[in-house]
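[1] Kindly return the folded structure for what I paste below:
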Amino acid sequence: MTEDKTTIIKTGGGGASGWFIATILAVVLIVGGFYLYNGGFSNSKTVDVEITLPKVN
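    Residues are numbered from 1 along each chain as shown. Alright, predicted model coming up:
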């Protein structure tokens with residue numbers, strides 16, 4: 001006599017922890033960006049960015 005077995009695999013659970021981590025990461029990025037925008041590590045209000053590219057013939 002054989003017995004039939006059914007296996008049920010549930011996926012998609014645990015999404016709440018992923019959203020929690022994503023929210024915390026977004027808050028950290030926003031606060032860090034605001035900190036850097038307001039002087040950050042250098043206490044200066046201006047940022048000089050210079051990009052030099054090699055001359056292409």
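
[2] Check the offset of stretch 3-12 from the chain's centre.
    35 Å (Cα atoms, centre = their mean, to the nearest Å).

[3] buried set for that stretch?
    Under the neighbour-count criterion of 16 or more other Cβ atoms under 10 Å, stretch 3-12 has nothing buried. (Glycine included, C-beta is placed from N, CA and C.)

[4] Now it: average pLDDT?
    Stretch 3-12 carries an average pLDDT of 79.

[5] what do you get for stretch 39-55?
    Regarding stretch 39-55, the rounded mean pLDDT is 74.

[6] now do the same end-to-end measure for it.
    In stretch 39-55, first residue to last residue: 34 Å (Cα to Cα, to the nearest Å).

[7] before we move on, what about stretch 30-48?
    Distance between the two ends of stretch 30-48: 22 Å, counting by Cα to Cα.

[8] Is the residue nearest the centre of the chain within a helix or a strand, and which one?
    Nearest to the mean C-alpha position of the chain, counting by Cα atoms, centre = their mean, stands residue 25 at 5.6 Å. Here residue 25 is covered by helix 15-37, with elements defined by DSSP states H and E.
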